[in-house]
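Enquirer: Provide a 3D model corresponding to the input given below.
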Amino acid sequence: MRDKLYENLYLHIIEEIRKGNLNAGAKLPSVRRCAEDNGVSINTVLGAYSLLVSEGYIVAREKSGYYVADFETPLPAKMSADTRPGSQPDTSQAGTTDLSANLIDGSLFPYSTLKRLYRQCLSGENISILENPGPFLGEWDLRQSIASYVFNHKSIECEASQVVVGSGTSYLLQILSSLFSERPAFLMENPGFSNTRDMLMDSGCEILDIPVDDEGASINAVRSLDGSIEGRTAILHISPSHQFPLGTTMTAPRRAAFLNWVADSEERYIVEDDYDSEFRYNGHPIRSISSMDTEGHVIYLGTFSRTLTPSLRLSYMILPKPLLERYEERYGKYPCPVSRIDQKVISLFMDGGYYERHINRMRRQYKAKRNRMLGIIQENAPGTMVRGEEAGLHFIARFPLPEQELVERAAKDGFRLKGTGTGWIIIGYAHLSEEEMAGFGCFLNKTFFCSIL
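Expert: Next comes the predicted model:
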């Protein structure tokens, strides 16, 4: 978590240099004087000055003090906490309210708990984790924590040895695709995860599109491809708990049909991409396909990107034992790409009961946001249909305007919308403030009530 006091002081000094109020060679107040003038601690001033020195805005002269550096070119326009060097903002979307589905509410991040667990992790008794990269499958403690979690919350029975920790879902899928002598054919939902599709294509895999209907991925479409995939490894990639982006929850008969399909050949597998099933707002959690698998043909993919933060880059997959043996044989000599410290902390977070309480808190907050957004759409865009709102951090809506026209109108008003190519618009709400949701309501009201008039 950033120290706002020293950061504000840091930004203030840069702005004074940019305006010319602090010229090259000008001496800055002493650390003690600056602290007194601004009502902050000496450590806060030292933090700001040190950052300014490291980035070249000022120079430190021994026994003399701090001085403004000499710049050959003018400084850029006013900087904010999110546009200072190193933050790499997306300037193409500056001032835009983004309703994408892959964003979370950072204010819900459990800073204080994780900060304490990081200190605990780096105490004397755990200091050995700094000495080597650690096991290639991941830290044993975390793998045990994950195995216990999926058993208690997703009814998946597995051994901790079957859990593989990786730096993101895309990384794990790329590793998975390389376990076979020939690159497998991936049968993928369309529409679906475009980044995953691109990554697998770049890895040399063939992609076969599977349409999605009201029950989930089409089993008839999959069966129609049996002739073309016979004798080859075929992997069906699906998100049955909350299909992305259409939000469909796969029905039990459809799940059973896919399990029957995959059991017909030793060279068929299902990848169950369970990216956000923790957030189900109506009824009981949906049983995973992995929990129904008795033949060892389902590979389960889980992630902490939605429940904690995407920047953690921590995901996991649960491999059937035959594939686990291939993985160990091929990648046993490599270290796990995820920091041992992060793995240890997340294990402590899970085992201490913090993770479950955190998810419960997030579920309540996101449910309230979902309800608010649904109310805004109902009030300001009469006739709009909504689907996929029972779970996850997004739903889709079909507004009384063509998909592309609405996306373009929204962009002109400062709202980034993304269509699905099916007439439905993705509405991600988890990260939005009340003001942003209200602003979106004003846009809808202006768009649709003006259209009616």
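Enquirer: how about residue 174, phi and psi?
Expert: Note on residue 174: backbone dihedrals following degrees, to the nearest 10 are phi -60, psi -40.
Enquirer: all strands for the stretch 301-450 of the chain, in order.
Expert: Counting by DSSP state E, counting those that start in this stretch, the stretch 301-450 of the chain forms strands over residues 315-318, 385-387, 394-398, 415-416, 418-419, 425-428, given from the N-terminal end onward.
Enquirer: and the gap between the nearest residue to residue 398 once chain neighbours are set aside and residue 395?
Expert: Sequence neighbours aside, residue 385 is the residue nearest to residue 398 in space, at 4.5 Å (criterion: C-beta to C-beta, 6 or more residues apart in numbering). C-beta coordinates here come from the backbone N, C-alpha and C atoms, glycine included. Residue 385 sits 11 Å away from residue 395 when distances are taken as C-beta to C-beta, to the nearest Å.
Enquirer: those two: who's more crowded?
Expert: Neighbour count, other C-beta atoms under 10 Å: between residue 385 and residue 395, residue 395 has more, with 26 against 12.
Enquirer: beta-bridge partners for the more buried one, please?
Expert: Under the criterion DSSP bridges, residue 395 forms beta bridges with residue 427.
Enquirer: that one and residue 389 touch, don't they?
Expert: Yes - under the contact definition of C-beta atoms under 8 Å, residue 395 touches residue 389, with a separation of 4.0 Å.
Enquirer: what residues go with each domain of this protein?
Expert: 4-89, 97-109+359-452, 111-355 (automatic domain parsing).
Enquirer: can you pull out the helices in the stretch 251-400 of the chain?
Expert: Assignment of helices within the stretch 251-400 of the chain using DSSP state H, counting those that start in this stretch yields the ranges 252-263, 321-331, 340-351, 354-380.
Enquirer: in the shortest one, what counts as buried?
Expert: In other words, helix 321-331. Taking 16 or more other C-beta atoms under 10 Å as the basis for neighbour counts, the residues of helix 321-331 that come out buried are 323-324, 327, 331.
Enquirer: save the residues you listed as CSV, and put in pLDDT and distance to residue 120 too.
Expert: Written out in CSV, the entries for the buried residues of helix 321-331 read as follows (pLDDT from 0 to 100; distance: C-beta to C-beta, whole Å):
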residue, pLDDT, distance to residue 120
323, 93, 35
324, 94, 31
327, 93, 31
331, 89, 30
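Enquirer: quick revisit: most packed of the helices of the stretch 251-400 of the chain?
Expert: Sort the helices of the stretch 251-400 of the chain by mean neighbour count, taking mean count of other C-beta atoms under 10 Å, and helix 340-351 sits at the top with a mean of 21.
Enquirer: how about residue 327, what does it touch?
Expert: The contact partners of residue 327, taken as C-beta atoms under 8 Å, 6 or more residues apart in numbering, are 137, 164, 175, 179, 319.
Enquirer: ditto for residue 141
Expert: Neighbour list for residue 141: 343-344, 347, 351 [criterion: C-beta under 8 Å, 6+ apart].
Enquirer: hang on, it in a strand?
Expert: No - applying DSSP: H, G, I helix; E, B strand; the rest coil, one finds residue 141 to be helix, outside a strand.
Enquirer: that one and residue 224: what is the separation?
Expert: Plainly put, residue 141 is 45 Å away from residue 224 if you go by C-beta to C-beta.
Enquirer: then residue 196?
Expert: 22 Å.
Enquirer: kindly report the same for residue 436.
Expert: Where residue 224 is concerned, residue 436 sits at a distance of 44 Å (C-beta to C-beta).
Enquirer: bridged to residue 418, which residues?
Expert: With DSSP bridges applied, the residues forming beta bridges to residue 418 are residue 426.
Enquirer: what sits against it?
Expert: In this structure, residue 418 makes contact with 99-101, 407, 425-426, judged by C-beta under 8 Å, 6+ apart.
Enquirer: same check on residue 109?
Expert: Taking C-beta under 8 Å, 6+ apart as the contact definition, residue 109 lies against 308-309.
Enquirer: do you know how far it is from residue 365?
Expert: Relative to residue 365, and taking C-beta to C-beta, residue 109 is found at 12 Å.
Enquirer: one step back: looking at the helices of the stretch 251-400 of the chain, which is closest to residue 5?
Expert: With C-beta to C-beta as the criterion, residue 5 lies closest to helix 340-351 of the helices of the stretch 251-400 of the chain, at 25.9 Å.
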